[in-house]
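Chemist: Compute the structure for the input listed below.
(chains A, B, C, D, E and F)
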4 protein chains.
Amino acid sequence: MVASTVLPPTEHEDPRRAKSRSRALTAAVELLREEGLQGLTIEAVAVRSGVAKTTIYRQFENRDELHLAAISSVACHVPMADSGDLISDVTEFCIGLDHKLRNGDFGAVLPTGFDGAERSETLARMVHDTGLQRRAALLERLRSAERDGELIAGIDADLLNSQLVGPLFYRRFISRQPAGPEWVERLVAAVLTPLVRSSSAVPVRGGRPR
Amino acid sequence: MVASTVLPPTEHEDPRRAKSRSRALTAAVELLREEGLQGLTIEAVAVRSGVAKTTIYRQFENRDELHLAAISSVACHVPMADSGDLISDVTEFCIGLDHKLRNGDFGAVLPTGFDGAERSETLARMVHDTGLQRRAALLERLRSAERDGELIAGIDADLLNSQLVGPLFYRRFISRQPAGPEWVERLVAAVLTPLVRSSSAVPVRGGRPR
Amino acid sequence: MVASTVLPPTEHEDPRRAKSRSRALTAAVELLREEGLQGLTIEAVAVRSGVAKTTIYRQFENRDELHLAAISSVACHVPMADSGDLISDVTEFCIGLDHKLRNGDFGAVLPTGFDGAERSETLARMVHDTGLQRRAALLERLRSAERDGELIAGIDADLLNSQLVGPLFYRRFISRQPAGPEWVERLVAAVLTPLVRSSSAVPVRGGRPR
Amino acid sequence: MVASTVLPPTEHEDPRRAKSRSRALTAAVELLREEGLQGLTIEAVAVRSGVAKTTIYRQFENRDELHLAAISSVACHVPMADSGDLISDVTEFCIGLDHKLRNGDFGAVLPTGFDGAERSETLARMVHDTGLQRRAALLERLRSAERDGELIAGIDADLLNSQLVGPLFYRRFISRQPAGPEWVERLVAAVLTPLVRSSSAVPVRGGRPR
DNA sequence: GCCTAAACGAGACGGTACGTCGGGTCTTTTA
DNA sequence: TAAAAGACCCGACGTACCGTCTCGTTTAGGC
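Modeler: Okay, the predicted model is just below:
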């Protein structure tokens, strides 16, 4: 997903290299998912992937680089619809995100990076970057709703982003509480309803207080 | 904070034991803060604390136990005032939490447990438990506001908890964005205002839709 | 035989250390004998001896140190009789040496050090030192014969040492020709007869010219 | 000196092949001289010679073959004069040999083969063969002296060879003692004088030089 | 105030993984 | 067509920690 570690982009890459790389990454992700960061061992990757240790080191400088690449390889796309109904679109989006956090490689691999991100700028950026697409999609949808008059004017999209996805991450990784579609639905409603222009028909007067 | 590993609570503990334990824990927390989980090495703890490796193992079964104990030793108390003004109380509370997440041992050590919590039930509980006091205090304050009529009736305290602290954790550990008192203030306002019973004006009738 | 690598001689050595050391050395010598220097691998020694790699490294800084210790551990004693008959004593001595060169660990392990001795002063000394006892014994016996009048006066003991043992080493390690007791006997006779004072028969007059 | 590894002798050899081969061999000898057998690395040879690893492997089956070829490439010729004066001819010859043992590539590279020769018949033969010319020359000169009556009849040329060159090799490679022209002179005198025909007698005047 | 049981430090041990170097095989690109 | 470049798998290197295990040596605390 994210740029591969320093490679002449135009130049032709040896297909053997590419294959080794992908096999190693696959094994790395599996190990991260199954055993966490401490299970991500170059030797384990070598055994599982059938790629020799030396070959792995030829592509990844050390365990941390491999870890990085593994994380960036699971960054995922959460689609955002634009049906005209903001709340339902965002709800669907958040349910999708929650599902990915709880079921896919993404949610399994992501927390292996939280600690390292405290000290490694690169890792921090990588962890952050996995959210870029999602964030952009959400912001775009909010702005579009603002333009359409569905939302009141003057929203703080960044705050809204934190309000919407923050609780999902929090419950998934920190408080480790369940979420589920209904819960997500309630969350989105709680966050957005106060900002939707006179919900029902006439958006006449009496905007909701901020 | 949390119960120490299996110790006859009534019985008198050898002061040497206690001292070794505390020196080891201190060193462990320092190492976690400075180098993260991978810096938490029994040998490093031994060197830094001056406590022999053997002695450490006498008190902590293995590295994970020590990690656990270190995390639980930094759990912190966030005070919650009850001035009658819910929003200002909660804002203050959230600012305090954000500060602890970003400045103290607590915020530094916590993320070392996120990955392990995925696989270790004990660690998961420990990470979760560090939030118990905070959660209880927040819930209590919300209920009190509900009782006082400051909040509308029928609030979902758990949802509100996630809405309030979720974004703080998210920005601190995942998106790694700044927060700051003003931002926290806006967050709390956004979350709570819609639920506050027609603030100033007589709380006549016409509760806000949930 | 030779001094062990830097050890407080008076102080009590951990018996575990001593045992590990000896097991490692035994395995090392076996490997050198069977496969030569390139077979002397720390890992092979670990496997064969049952001593862990780390433990080996605790006692020997690296492969070369172990090699050194192995060589010095096989230095052997060649006994020298003093029956009054120089030629028979020396012949017996040389036959014994030749036998050790061709049959024991000594002769098998020694050549593994020849190449290294070209560059390592320590190894050079070690190789050299394995001959010290032998050389001293031979020189002593020659001097004793000189004192007894069995040999003419003014012998060059060092030259004689080279003349006696040199050919044995040469045929064993360089030309790789057989020797055998009769051959050694002829060598000793050829070297010493010209220097023996008119053997049994009247030592009257006519000493051999030097 | 010795036949190169399997090469149709009549057939025309590709000049590129020959050049690669010779560059590799040169580098190999240099490495052996400078760092000994363990410095003889295919990769080091490739780097130093500018010949690719693949190309080296095309000409030498493996490291041992290259080592073999390197040794055989330094075999040297020691000239033997026949001035009529055996002792002086042999002395000169031995001084020349000693010089080659101590100064040229020959003496530097030879000991890298001693250990391997213990286990590899091919290498043993190679090491042995480096002495063939020398041995033949010496034997021929001795027989010529015998025929001329300079030596007593019935000499054991093989024994004499060992007596003459054995000490030189011994002091060079095993005891690592100095030799030098004077020492060699004394050695040759000690070995040959007793076998030279009645010094005094016939050759009237002109006593044998010391 | 002494003495014994415990806790302690020092450190050896068998292991696992690290990241590096070299071996020997192979494929791909260049001349 | 062969040499050069370099990827590949493999095995050994020497290092860092792991968790276990003697060892002697303090040192509390019950007598």
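Chemist: so is residue A:176 in a helix, a strand, or just coil?
Modeler: Taking DSSP: H, G, I helix; E, B strand; the rest coil as the rule, one finds residue A:176 in the coil state.
Chemist: Verify the contact between it and residue B:120 for me.
Modeler: No: with contacts counted by C-beta atoms under 8 Å, residue A:176 stays clear of residue B:120, the gap being 11.6 Å. Every C-beta, even on glycine, is put in place using the N, C-alpha and C of the backbone.
Chemist: Where does the prediction get shaky in chain A?
Modeler: Residue ranges of chain A with pLDDT under 70: A:1-12, A:198-210.
Chemist: can you give me the helices in it?
Modeler: Secondary structure of chain A by DSSP state H: the helices cover A:15-35, A:42-49, A:53-59, A:63-73, A:86-103, A:105-109, A:114-117, A:121-129, A:132-148, A:157-169, A:180-192.
Chemist: tilt between the longest one and helix A:42-49?
Modeler: Spelled out, it's helix A:15-35. Here helix A:15-35 points in a direction 110 degrees away from that of helix A:42-49 (axes from the mean of the first three to the mean of the last three C-alpha atoms, to 10 degrees).
Chemist: Would helix A:15-35 count as contacting chain B?
Modeler: Yes: counting by C-beta under 8 Å from any C-beta of the partner chain, contacts between helix A:15-35 and chain B involve residue A:35.
Chemist: Can you give me the buried ones in that helix?
Modeler: Neighbour-count burial for helix A:15-35, counted by 16 or more other C-beta atoms under 10 Å in any protein chain shown, picks out A:20-21, A:23-33.
Chemist: before we move on, what about stretch A:37-54?
Modeler: Using 16+ other C-beta under 10 Å as the burial criterion, the residues of stretch A:37-54 that qualify are A:37, A:38, A:39, A:40, A:41, A:42, A:44, A:45, A:46, A:48, A:49, A:51.
Chemist: can you narrow those residues to ones near DNA strand E?
Modeler: Residues shared between these and the neighbourhood of DNA strand E are A:40, A:41, A:42, A:44 [C-beta under 7 Å from any atom of the strand].
Chemist: Among these, which ones lie close to chain D?
Modeler: Subset of those in contact with chain D: empty, counting by C-beta under 8 Å from any C-beta.
Chemist: In JSON lines: those, plus distance to residue B:144.
Modeler: Output for those, formatted as JSON lines (distance: C-beta to C-beta, whole Å):
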{"residue": "A:40", "distance to residue B:144": "47"}
{"residue": "A:41", "distance to residue B:144": "51"}
{"residue": "A:42", "distance to residue B:144": "55"}
{"residue": "A:44", "distance to residue B:144": "53"}
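Chemist: Can you say which two of the residues you listed are spatially most distant?
Modeler: Farthest pair in these (C-beta to C-beta) is A:40 and A:42. Separation: 8.3 Å.
Chemist: At the contact with chain D, which residues of chain A appear?
Modeler: Applying C-beta under 8 Å from any C-beta, one finds that chain A does not approach chain D at all.
Chemist: what does chain A have sitting close to DNA strand F?
Modeler: Proximity of chain A to DNA strand F is confined to A:14, A:16-17, A:19-20, A:50-55, A:58-59 under the rule C-beta under 7 Å from any atom of the strand.
Chemist: Could you rerun that using 10 Å?
Modeler: With C-beta under 10 Å from any atom of the strand as the criterion, chain A comes near DNA strand F at residues A:13-24, A:38, A:43, A:46-47, A:49-59.
Chemist: Might you report the residue contacts of the residue nearest to residue A:105 when sequence neighbours are not counted?
Modeler: Leaving out its chain neighbours, the residue that sits closest to residue A:105 by C-beta to C-beta, 6 or more residues apart in numbering or on different chains is residue A:74, at 4.3 Å. With contact taken as C-beta atoms under 8 Å, 6 or more residues apart in numbering or on different chains, residue A:74 is in contact with A:1, A:29, A:104, A:105, A:106, A:109, A:110, A:130.
Chemist: now these in TSV, with distance to residue C:114?
Modeler: Formatted as TSV, the entries for the contacts of residue A:74 read as follows, by distance: C-beta to C-beta, whole Å:
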residue	distance to residue C:114
A:1	59
A:29	53
A:104	63
A:105	58
A:106	62
A:109	56
A:110	60
A:130	61
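Chemist: Mind checking which of those residues are buried?
Modeler: A:29, A:105, A:106, A:109, A:110, A:130.
Chemist: can you name the two of these that are farthest apart?
Modeler: Going by C-beta to C-beta, the pair spanning those furthest: A:29 and A:130, at 13.2 Å.
Chemist: Now flag whichever of the buried ones among the contacts of residue A:74 is closest to chain B.
Modeler: Checking the buried ones among the contacts of residue A:74 against chain B by C-beta to the nearest C-beta gives residue A:110 as the nearest, at 8.1 Å.
Chemist: Could you break chain A into its assigned domains?
Modeler: Structural domains of chain A, as assigned by automatic domain parsing, span the residue ranges A:15-73, A:86-195.
Chemist: okay if I get those as CSV plus distance to residue D:78?
Modeler: Supplementary listing: those in CSV, determined by distance: least, C-beta to C-beta, whole Å:
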stretch, distance to residue D:78
domain A:15-73, 47
domain A:86-195, 66
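Chemist: about what we covered before: and DNA strand E, which of the buried residues of helix A:15-35 reach it?
Modeler: Answer for these near DNA strand E (C-beta under 10 Å from any atom of the strand): residue A:31.
Chemist: Quick one: residues contacting residue A:184.
Modeler: Going by C-beta under 8 Å, 6+ apart, residue A:184 touches A:91, A:94, A:95, A:98, A:168.
Chemist: Tabulate the residues you listed (a markdown table), appending distance to residue C:138.
Modeler: A markdown table is the format used below for these (distance: C-beta to C-beta, whole Å):
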| residue | distance to residue C:138 |
| --- | --- |
| A:91 | 100 |
| A:94 | 94 |
| A:95 | 95 |
| A:98 | 90 |
| A:168 | 89 |
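Chemist: So for residue B:161, which of the helices of chain A sits nearest?
Modeler: Closest approach to residue B:161 among those (C-beta to C-beta): helix A:157-169, 9.0 Å.
Chemist: Number of residues surrounding residue A:111?
Modeler: Using other C-beta atoms under 10 Å in any protein chain shown, residue A:111 has 26 neighbouring residues.
Chemist: Provide a list of residues in contact with it.
Modeler: Residues touching residue A:111, when contacts are defined by C-beta under 8 Å, 6+ apart, comprise A:173, B:114, B:115, B:117, B:118.
Chemist: Good, we can wrap up now.
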